Every structure is written in structure tokens, then in C-alpha cells.
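**Student:** Below are the sequence and a predicted model; questions follow.
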Amino acid sequence: MNPDLLILCATQVEMSHFLTLWPGVSKRVTRTGLTILSGKVHEKTYDLVLTGAGVFNAAHALTAYLEHASPVLILQTGIAGVFQQTGLNIGDVAIATQEHYIHTGVQTDAFKNAPLPFDVLKDEPLSRQGIYPFDPDMVDQTHDRLCRVFSITGTRIVKGLFITVSTITSSLNRANQLYCTFSSVMEAMEGAACNHIAALYGIPIIEVRAASNFVGERDKEKWDIDLAAKQLGVVCTGVSHLI
Ligand SMILES: O=C(O)c1cccc(C(=O)CC[C@H]2O[C@@H](n3cnc4c(=O)[nH]cnc43)[C@H](O)[C@@H]2O)c1
């Protein structure tokens, strides 16, 4: 059965508030241990795949899923680190205009890698640097919708560049270097992989995340995963109205 919305998120904790609002009515576990929950948001059907953290888990989960189903829209979501230099705060929400897997490319003395001499995604030259743009119209529609949904809450909703990393940044110096190099709003660990796989299958995808921490903050006491997860419940509900 093809759902209206496929939600991809690394862990169940991040989806805890969404699942309280819209509990899954069925659950299946794949041969590789992936959990897929299915349910409804108002009249829209959703599947939620808990991918596990990181690009390998995300790519595996989405590939396994899309071999058997074709959702109308994919929402890649989860908590993220927000760059302090943006002026945004923990709990704020961002929509990715572009993903950048910063480890792709040819390493030089510069902080940013040079492009590979071949496309990583066929006929997509930006993929040589690990760059994956999102559809600008979908980004704008998502932004408009979420601005309305969050209008009375004080939550800031922005559009911006995201980076995908395989190493969580854990120093403020390194965070500053990343911000100066990539001008990114948020850092997380799955987005570029999901965009890559969605492009292979030709399925529309958006990425929306809520900040749980400042990038580079080592003290986990200063992370607020529950606040970010609460925001994600609202985000996923709001996005379902786009379909
Ligand atoms: O090791 C810990 O104590 C610990 C505590 C809380 C969360 C984690 C994670 O593994 C979070 C990684 C997970 O969440 C996304 N995320 C959230 N913030 C960041 C960040 O600043 N940099 C990179 N990724 C982040 C990420 O997409 C992962 O799925 C560990």
C-alpha cells in the first residue's frame, strides 16, 4: 500500500510526540530489523521508518522501503544541531534548501573539499561535492505552511543550507569553522543520504528539522531533545496538509 506521506527519522525518541498525537495502527519489522509504523494524520496515511542514525542506516532504510512502496511525498526529519551564529535557538525549526555531505570530494589543503572527477548521482554535477538541492517550490510551500502552523508559538521557522556529517561536531571552534565554510543553518547525520536515494527513485522529498542543541556543544545537559521532539510532532502534522 502506498501512503500519502513517508516520514524518515533516525530514532523513535525523536518521533515520540508525533506518535502520541497520531499513533501507528500497525507495525512491521523488516529482515534487517527496521521498524515501519503505519497510521493516519487526519485523513492522510503515513508510514514512519525508523532509519537509525547516520548515512549508511538512512540509505539502507530508504532503499529497502522504496523497493516495495511509492509514497506521494517523503519527509526526512529529526533533531539537529543549530549553528549558534544563525541567531536561532533550541526548539527552532529549519527547512533544508540544500544538503551537503561534507565528506564527499577530493581533499586539499582547503577546509572545503574540491569536487570529485565524476558524478556521484548520475547527471547531477553538484553531487561531485556531495551537494543535493531540494525542490525550491516544495521548500517554499513547506515554509509557508509551517509559518502558519507555528504562528502563535514564537518558534522561528527558516529555510537554509544543511550539512550532513558522519562525525558529530563537538567543539565550538570546529563549529565556527564549519559555519564560515558552509554557511549552514543546521548539522545532522542523515539528510544527504535520504535526498540521494529519493532522487534515484524519483520521489519528492523535503527535510525539516528541529534544533535540539547548538552545534559543537559537548554538554548533553544543554541539549533539549524533548523540546525538539515536541516541535517535530507539530512539523509532521503540518506537513501532512501539504499533500
Ligand atoms: O551520545 C550521546 O550522549 C547522545 C545524546 C543525544 C543524542 C545523541 C545523538 O546521537 C544525536 C545524533 C542524532 O541526532 C541528530 N543530531 C542532533 N544534533 C546533532 C548535531 O549537533 N550534530 C550532528 N547530528 C545531530 C543526528 O541526525 C543523529 O541522528 C547522542
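**Tutor:** Great, that's in hand.
**Student:** Contacts only, for the residue of the chain found nearest the ligand.
**Tutor:** Among the residues of the chain, G81 lies nearest to the ligand; the distance is 2.2 Å by CB to the nearest ligand atom. Using the backbone N, CA and C atoms, a C-beta is placed for each residue, glycine as well. Taking CB atoms under 8 Å, 6 or more residues apart in numbering, we find G81 in contact with 168-169, 175, 186-188, 211-217.
**Student:** Intersect those with the contacts of the ligand.
**Tutor:** Contacts with the ligand within these, as defined by CB under 6 Å from any ligand atom: I168, T169, E187, A188, S212, N213, V215.
**Student:** In terms of helices and strands, where is the residue of the chain closest to the ligand?
**Tutor:** Following DSSP states H and E, one finds G81 within strand 73-82.
**Student:** Partner strands of that strand and their direction?
**Tutor:** When pairs are called by DSSP bridges, strand 73-82 turns out to pair with strand 5-9 (parallel), strand 186-188 (antiparallel), strand 205-214 (parallel).
**Student:** Could you say which of those is packed most deeply?
**Tutor:** Among these, strand 186-188 has the highest mean neighbour count (mean count of other CB atoms under 10 Å), at a mean of 28.
**Student:** re earlier: make JSON lines from the strands paired with strand 73-82 and add mean pLDDT to it.
**Tutor:** Below are these laid out as JSON lines (pLDDT from 0 to 100):
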{"stretch": "strand 5-9", "mean pLDDT": "98"}
{"stretch": "strand 186-188", "mean pLDDT": "98"}
{"stretch": "strand 205-214", "mean pLDDT": "98"}
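**Student:** picking that back up, how about the residue of the chain closest to the ligand: which residues does it bridge to?
**Tutor:** E187, N213.
**Student:** ranges for the helices of the chain?
**Tutor:** With DSSP state H as the criterion, the chain has helices at 16-21, 55-66, 136-149, 172-182, 191-201, 225-240.
**Student:** packing partners for the third one?
**Tutor:** Helix 136-149 makes packing contacts with strand 93-101, strand 157-164, strand 205-214, helix 225-240 when contacts are defined by 3 or more CB pairs under 8 Å, 6 or more residues apart in numbering; DSSP states H and E.
**Student:** which parts of the chain sit against the ligand?
**Tutor:** Checking the chain against the ligand by CB under 6 Å from any ligand atom, the hits are 10, 53, 78-81, 165, 168-169, 187-190, 212-213, 215, 220, 223.
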